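Asks: Structural data only, the sequence is not supplied:
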């Protein structure tokens with residue numbers, strides 16, 4: 001393809017979400033006849049190698065299945081990935097593509113833990129991956145992007161937009177601050193100056209529930225599209241993307257395919273993170289504790305649905321008012337989406353990354369309630385559920401492997417074997433910021449954990465077994 005009239009959008013993070021979300025929007029542009037942009041897809045870690053190999057064999061094409069809460073399924077062959085970047089330990093091909101003059105946007109989905117930030121939004125320098133990258137490695141998004149920018153600067157291949165596509169509040173700013181701190185710690189002053197002058201990092205809000213594909217999807221894709229697909233994805237029919245219009249080196253005409261291009265994403269982002277993401281985690285932790293496997297069955301459990309409803313209604317809506325969104329309607333739409341029995345999204349997937357989600361999604365509401373002079377009883381349910389959930393993990397009694405990018409296993413085991421685990425938990429500044437020093441917050445957590453322990457005990461015999 002000629003670089004004169006074709007540009008690459010390189011994406012780092014080959015999971016299902018990117019392929020059900022950003023790649024879908026780019027595909028819609030191609031369908032409209034706008035062929036100026038396509039995606040080059042790669043990964044930092046080797047865990048996606050089988051997927052990348054499958055996509056390579058399929059020339060980047062795969063099927064997307066979407067399903068409504070009423071069970072209506074639609075199928076589409078997605079064609080926006082024109083290049084699949086092979087993985088190697090030094091990320092040679094990824095850096096090469098990222099540094100190419102025709103790569104004008106580099107986006108990434110690295111999940112909450114992939115930003116390696118503490119509650120003060122500073123890099124967790126004690127983390128082994130960050131340590132490795134401060135010494136020249138490419139294990140994290142910071143080390144990887146630093147190497148790409150270093151190469152772009154050396155080759156003079158021009159400016160590039162760095163686009164976060166994660167559920168992190170102010171994700172573009174957080175990434176910019178993180179990379180600034182990272183380059184400062186490495187003493188890369190010239191590269192830091194180049195980064196500041198030659199990149200933009202717009203904030204974005206992304207939304208589409210995308211579970212891990214179930215084994216039976218391939219058969220449905222074969223029937224619908226007559227396609228033998230080794231890399232299909234599935235998602236709910238709902239989709240939303242809100243992006244700050246701040247691209248330094250050009251961009252696709254995303255507004256032509258339903259992307260909301262705005263000056264600031266803040267009100268959309270706050271509503272989504274606090275209402276959708278935090279409620280999702282609440283439902284997953286609670287459902288797991290009473291033996292349930294799927295989000296829809298946990299949302300359909302009256303007591304669990306009520307926990308999420310009360311959290312949003314009593315604490316979040318007052319914190320976010322005034323808002324350009326109808327927050328009560330947004331809450332109801334979210335709970336309806338979670339109830340979709342055809343998505344079969346697992347509690348395991350949604351329960352992940354709690355050590356990032358508590359400070360990122362939940363602690364801000366706790367703090368704002370206290371500022372208003374209100375005790376955040378409904379919000380305290382969420383960190384209390386996570387405490388009980390992690391106690392179950394410590395005891396080796398979770399029904400699945402808990403996945404968390406910043407889990408310090410030794411520290412969590414030490415907390416639960418200490419004389420007063422709940423005191424250790426409540427006083428964790430990384431989790432609860434200024435509330436970690438407040439006795440009233442610790443007491444609220446104690447009361448809430450005791451109440452939820454009783455609820456779990458009363459409801460576990462009634463749980464569905466799988």
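Replies: Alright, I've got the coordinates. As the structure is a computational prediction, the values presented were derived from the model and not from experiment.
Asks: Can you tell me how far the nearest residue to residue 427 once chain neighbours are set aside is from residue 268?
Replies: Distances taken as CB to CB, 6 or more residues apart in numbering put residue 436 closest to residue 427, at 4.9 Å, once the chain neighbours are dropped. Where you see a C-beta, it was placed from the backbone N, CA and C, and this is true even at glycine. Using CB to CB, to the nearest Å, residue 436 is found at 30 Å from residue 268.
Asks: Quick check on the two: which one has the bigger neighbour count.
Replies: Legend: neighbour count by other CB atoms under 10 Å for residue 436 and residue 268, higher for residue 268 (22 against 17).
Asks: thought the more buried one was touching residue 241?
Replies: No - in this structure, residue 268 is not within contact of residue 241 by CB atoms under 8 Å, at 9.9 Å.
Asks: Overlap of the contact sets of those two?
Replies: By CB atoms under 8 Å, 6 or more residues apart in numbering, residue 268 and residue 241 have these common neighbours: 205, 260.
Asks: Let me see the ranges of the strands in the stretch 351-466 of the chain.
Replies: Assigned strands in the stretch 351-466 of the chain: none (criterion: DSSP state E, counting those that start in this stretch).
Asks: low-scoring stretches of it, by residue?
Replies: Along the stretch 351-466 of the chain, segments meeting pLDDT under 70 span 461-466.
Asks: What segments of it are helices?
Replies: 354-357, 363-371, 377-394, 409-417, 421-426, 429-432, 439-459 (DSSP state H, counting those that start in this stretch).
Asks: Could you identify which of these is most buried?
Replies: helix 354-357 (a mean of 26; mean count of other CB atoms under 10 Å).
Asks: What is it packed up against?
Replies: Of the remaining helices and strands, those touching helix 354-357 by 3 or more CB pairs under 8 Å, 6 or more residues apart in numbering; DSSP states H and E are helix 278-289, helix 377-394.
Asks: Could you save these as TSV and add columns showing distance to residue 430?
Replies: Below are these laid out as TSV (distance: least, CB to CB, whole Å):
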stretch	distance to residue 430
helix 278-289	17
helix 377-394	13
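Asks: In three-state terms, label residue 267 for me.
Replies: helix (DSSP: H, G, I helix; E, B strand; the rest coil).
Asks: In this structure it contacts residue 325, no?
Replies: Yes - counting by CB under 8 Å, residue 267 touches residue 325, with 6.4 Å between them.
Asks: give the contact list for the closest residue to residue 6 other than its chain neighbours.
Replies: Excluding its sequence neighbours, the residue lying closest to residue 6 (CB to CB, 6+ apart) is residue 36, at 6.1 Å. Applying CB under 8 Å, 6+ apart to residue 36 gives the contacts 5-7, 252.
Asks: For residue 65, give me phi and psi.
Replies: Dihedral pair for residue 65: phi -100, psi 130, per degrees, to the nearest 10.
Asks: Which residues does it form beta bridges with?
Replies: Beta-bridge pairing for residue 65 (DSSP bridges): residue 75, residue 234.
Asks: the domain parsing of the chain - what is it?
Replies: For the chain, automatic domain parsing gives the domain ranges 7-262, 270-462.
Asks: who touches residue 236 in this structure?
Replies: Contact partners of residue 236, counting by CB under 8 Å, 6+ apart, are 66-69, 208-210, 337, 340, 343.
Asks: can you do 6 Å?
Replies: Residue 236 is in contact with 209, 340, 343, counting by CB atoms under 6 Å, 6 or more residues apart in numbering.
Asks: repeat for residue 295
Replies: So residue 295 contacts 338, 345, 350 (CB under 6 Å, 6+ apart).
Asks: Tell me who's in contact with the second one.
Replies: Contacts of residue 345 were listed using CB under 6 Å, 6+ apart, and they are 211, 295.
Asks: Quick check, pLDDT for it.
Replies: Looking at residue 345, its pLDDT is 92.
Asks: cool, and the first one?
Replies: The predicted local distance difference test score for residue 338 is 96.
Asks: Return the distance of it relative to residue 148.
Replies: Counting by CB to CB - residue 338 and residue 148 are separated by 37 Å.
Asks: Show me the contact partners of stretch 408-423.
Replies: 391, 394, 424, 446.
Asks: Now flag whichever of the residues you listed is closest to residue 86.
Replies: Distance to residue 86 across these (CB to CB) is lowest for residue 394, with 39.5 Å.
Asks: For that closest one, give me its contacts.
Replies: 413, 416.
Asks: repeat that for 7 Å
Replies: 412-413, 416 (CB atoms under 7 Å, 6 or more residues apart in numbering).
Asks: now swap in residue 175 and tell me
Replies: 115, 162, 164, 201.
Asks: That one sits in which helix or strand?
Replies: Using DSSP states H and E, residue 175 falls within helix 171-185.
Asks: Would you mind getting the angle between the following helix or strand past that helix and helix 171-185?
Replies: Moving toward the C-terminus from helix 171-185, the next helix or strand (DSSP H and E) is helix 189-198. Orientation of helix 189-198 against helix 171-185 (axes from the mean of the first three to the mean of the last three CA atoms, to 10 degrees) gives an angle of 160 degrees.
Asks: Would you indicate which residues of helix 189-198 are buried?
Replies: For helix 189-198, burial by neighbour count (16 or more other CB atoms under 10 Å) applies to 191-192, 194-195, 198.
Asks: Out of these, the closest to residue 307 would be?
Replies: Using CB to CB, these come closest to residue 307 at residue 195, 43.1 Å.
Asks: Give me the pLDDT for that closest one.
Replies: 98.
Asks: mind checking how far stretch 104-122 is from the chain centre?
Replies: Computed by CA atoms, centre = their mean, to the nearest Å, the chain-centroid distance of stretch 104-122 equals 9 Å.
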